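In: could you work out the structure for the sequence below:
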Amino acid sequence: ILCPSHDGNHLLGMQSWNTVQYTQIYHGSTESYSGRAFLFTRNEECSRRARLDPVMLEVYTYQFSAQDTCGNSQAVNATYTKVLQAIPPQVLPAQNLAVECNKADNRVHDRLTQWVDNLGGAQVFGGCAFNTTVSHNLTEDPPTWSYAVLNLTAPPEIPPLPMAFSGATDDSLLQVDMPFAFPLYWGSFTRMFISSNGVLQFGQNTGHLCCTGDDLLDAATPNYVVAPFWGDLNPSASAVANITHGAVGSGDTLRYIVQFDSVPSYSQGIPMDFSVTLYPNGDIVLYCENCAHPNYLFTVGIRGNGPSEVVSIFHGTVPALTGSVWMIQRAAPVSSVRYLLSEGQSEAVTTQSVVWGSSGDDVLQSVTLPFEFPFYDQLVTQLSISSNGILFFSPPNGNHYVSHSLPDTVHTSFIAVYWADLYMPTGTVSYATVGTNDQQRFVVSFNGVQHLSGGPFLYFSAELWINGNVRINCITCPNVNGAPHTIGVQASTADYMNIYRGSADQSGKAWTLFRQTTGITYLRDNLEQAKPPTPTAALTRWTSAFDDSTFNVQLPFPFPFFGNTFSELWISSNGLVVFNAPTSSYCCTGHQPPRVDPLNFIAGWWEDFNPSAGGGIYYGTVGSGSSAKFVVLFDAVAHFSTPIALTTFEIALHANGNIDINCVVCPAQSSTHSTAIQGQLGQNTEYVTLYYGY
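Out: You can find the predicted model right below:
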């Protein structure tokens with residue numbers, strides 16, 4: 001009615017519970033608003049949540065409204081159910097339009113505007129998405145298929161096969177079109193390649209795969225292979241050698257068989273007889289009818305798309321596989337937990353709390369754990385340490401000195417640290433609780449034990465972390481007289497991870513198994529070298545960054561993260577980005593997931609930084625369309641306590657949900673650092689820890 005200008009500031013507007021939901025009409029002292037009125041019309045957009053276990057559905061209503069310079073306007077509504085379907089494209093008339101997208105849910109209200117050249121009827125997509133040493137790549141991926149391995153006693157029935165690998169010579173290859181689509185993990189194949197070296201490859205041809213069987217867990221090993229007995233074979237060295245193949249049976253008995261008869265090894269000429277049977281449902285039978293001792297590496301197992309999709313039955317110099325039959329049964333995941341495997345270098349672990357030196361053979365020591373240890377879907381408090389290098393969570397079924405391939409049908413829940421027939425004439429086993437709070441772990445160390453057949457002393461350990469992670473540390477684990485040993489974890493014949501089975505030297509290696517509940521999961525891909533960071537000239541500098549500060553940024557596309565979708569993030573000067581309004585800058589050290597606060601975050605190199613003492617923090621969008629990514633770059637940023645130690649790393653968010661964490665220069669400091677991601681999926685806290693330490 002009467003609101004004149006005045007020498008003091010006036011504020012007209014309203015604000016909700018946060019700094020994002022507000023409408024400001026005027027703030028200042030120079031303008032008069034006398035005789036003016038404003039009507040706030042509440043938008044009845046709503047967010048409805050429905051729980052349909054195990055998927056959380058979020059249903060939104062989007063409104064796309066547009067008005068050109070002539071006053072023409074149009075509005076289009078679209079409903080988006082997150083997780084189950086994508087937003088359908090909306091087509092507006094051919095006009096030059098200012099397109100505005102309003103998105104509402106019960107957490108935040110976002111208002112984004114972008115000009116688009118809509119001449120010709122361009123599509124406007126929902127959600128305003130218009131058309132020093134190591135890097136980590138995290139790829140959003142659904143849970144993988146699992147395989148159960150059964151040791152059979154009866155050999156498979158193999159009738160005469162209709163086709164021969166004619167003219168098979170040393171290092172030769174045969175392409176075969178199958179009569180059915182064969183499923184291998186997430187792949188489905190109608191074409192395979194038979195190598196004369198005892199291995200089948202599906203979908204792609206990477207050569208004859210000579211001259212030893214590769215470790216299926218090695219990143220360089222070809223993908224989508226089935227290895228009935230992969231080594232260096234030469235069918236042309238014997239007049240009676242024969243490789244036959246073909247489909248047999250029909251209906252429920254249909255299968256495809258590849259048979260190797262009297263095919264000799266390359267260097268020694270020892271004849272080998274083995275077969276592989278493939279079923280339309282993905283089941284596989286491997287039969288080693290006559291597999292002699294060739295004294296060089298052979299591999300038995302299967303591999304899908306990378307080392308996270310592997311069933312490794314054997315890799316090593318063969319002691320005695322003749323007569324072995326394995327049924328590999330394909331099934332969907334059973335447990336709600338999976339483990340992500342990371343290999344590194346071993347390190348000595350010293351425990352002094354309790355020393356067990358029984359000087360015996362096949363001895364068990366019962367221990368009460370200091371915390372409830374989450375193992376697959378179990379919470380365990382009791383542990384039986386076997387002198388044969390295995391930790392049992394349930395009583396062993398009979399003898400435990402004979403190591404088995406995983407999955408083991410004899411014993412159930414255990415961790416095979418270095419499972420072999422070991423003896424403790426002079427060695428010891430020590431165990432202790434190390435660390436506190438989220439760093440607490442129970443460590444079991446085997447020190448100077450020996451194989452029953454003699455040989456060098458062995459040193460290895462296992463760490464059971466309070467968050468369910470497992471670390472297996474092989475300090476001295478040599479080849480002992482060709483005797484096989486097993487390294488891995490198992491909760492049942494459906495829930496297991498076989499890290500290694502064979503006789504090769506594993507000294508100096510360590511494996512960390514990161515426990516993760518399934519739902520939206522991330523596959524970790526370690527790159528050997530860091531990539532060059534994005535040039536700062538292509539980004540925008542956060543000019544007001546100072547010690548312990550945060551900064552809000554709107555994302556250029558809806559970013560999917562652990563089943564949620566975010567349109568904004570906050571950069572913390574301490575080396576992380578968070579997707580919920582931060583309660584602090586998360587000073588003054590890095591933390592390991594799971595965390596209550598922050599809840600949804602990506603830690604590139606979380607520690608105590610002070611950008612006002614050196615360096616800069618940059619952000620921005622690089623690329624366009626499907627190749628667009630949002631980058632946050634810490635460029636030569638100073639550490640708080642040691643400003644001369646400068647850190648450079650980059651976090652890149654891709655529109656499809658993939659994440660790059662690129663540590664260009666990430667030096668050690670006096671405080672802990674962490675590289676990790678964590679998100680909230682339904683009622684579960686999901687996370688992957690890539691690094692935590694000094």
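In: alpha carbons only for contacts and neighbour counts from here, please
Out: Noted.
In: output the lowest mean pLDDT helix or strand found in this protein.
Out: Lowest by mean pLDDT, DSSP states H and E among the helices and strands of the chain is strand 48-52, with a mean of 22.
In: quick one, phi psi at the nearest residue to residue 587 once chain neighbours are set aside?
Out: Nearest residue to residue 587 in three dimensions, chain neighbours excluded: residue 608, at 5.9 Å (CA to CA, 6 or more residues apart in numbering). Note on residue 608: backbone dihedrals following degrees, to the nearest 10 are phi -110, psi 100.
In: residue 608: how many residues sit nearby?
Out: Neighbours of residue 608 under the rule other CA atoms under 10 Å: 27.
In: same question, residue 219
Out: Counted by other CA under 10 Å, the residues lying close to residue 219 total 13.
In: just checking, it touches residue 306?
Out: Yes. Judged on CA atoms under 8 Å, residue 219 makes contact with residue 306 at a distance of 6.7 Å.
In: with just CA atoms, put stretch 462-477 into CSV.
Out: Coordinates of each C-alpha in stretch 462-477 appear next as CSV, following Å, rounded to 0.1, in the frame of the first residue of the first chain:
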residue,chain,number,x,y,z
ALA,A,462,44.8,-61.8,7.4
GLU,A,463,43.1,-58.6,8.7
LEU,A,464,39.4,-58.6,9.6
TRP,A,465,38.1,-55.0,9.6
ILE,A,466,35.2,-53.9,11.7
ASN,A,467,33.4,-52.7,8.5
GLY,A,468,33.6,-56.2,7.0
ASN,A,469,36.6,-55.6,4.7
VAL,A,470,39.2,-58.3,4.5
ARG,A,471,42.9,-58.0,3.7
ILE,A,472,45.1,-61.0,2.9
ASN,A,473,48.8,-60.4,3.0
CYS,A,474,51.3,-62.9,1.4
ILE,A,475,54.7,-61.8,2.6
THR,A,476,56.6,-65.1,1.8
CYS,A,477,54.3,-67.6,0.0
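In: and the contacts of it?
Out: Stretch 462-477 has contacts (CA atoms under 8 Å, 6 or more residues apart in numbering) with 346-348, 371-375, 417-418, 438-445, 457-461, 505-515, 594.
In: what about 6 Å?
Out: 346, 373-374, 440-444, 458-461, 505-515 (CA atoms under 6 Å, 6 or more residues apart in numbering).
In: any of the residues you listed buried? List them.
Out: 346, 373-374, 440-444, 458-461, 506-515 (16 or more other CA atoms under 10 Å).
In: okay, and residue 383 sits in which element?
Out: Here residue 383 sits within strand 378-386, counting by DSSP states H and E.
In: pairing partners for that strand, with directions?
Out: If you go by DSSP bridges, strand 378-386 pairs up with strand 364-375 (antiparallel), strand 390-392 (antiparallel).
In: what about the strands in the stretch 101-250 of the chain?
Out: Per DSSP state E, counting those that start in this stretch, the stretch 101-250 of the chain carries strands over the ranges 109-117, 123-124, 134-141, 146-152, 163-164, 173-184, 187-195, 199-202, 225-230, 242-248.
In: kindly report the same for the stretch 501-650 of the chain.
Out: Remark: strands assigned in the stretch 501-650 of the chain by DSSP E, counting those that start in this stretch are 509-517, 521-527, 540-541, 550-561, 564-572, 576-578, 601-606, 616-622, 629-638, 646-654.
In: pick out the shakiest of the ones you listed, pLDDT-wise.
Out: Across these, strand 521-527 has the smallest mean pLDDT, namely a mean of 51.
In: and residue 606, how far is that from residue 420?
Out: 40 Å (CA to CA, to the nearest Å).
In: whoops, I mixed them up, residue 279
Out: Taking CA to CA as the measure, residue 279 falls 34 Å from residue 420.
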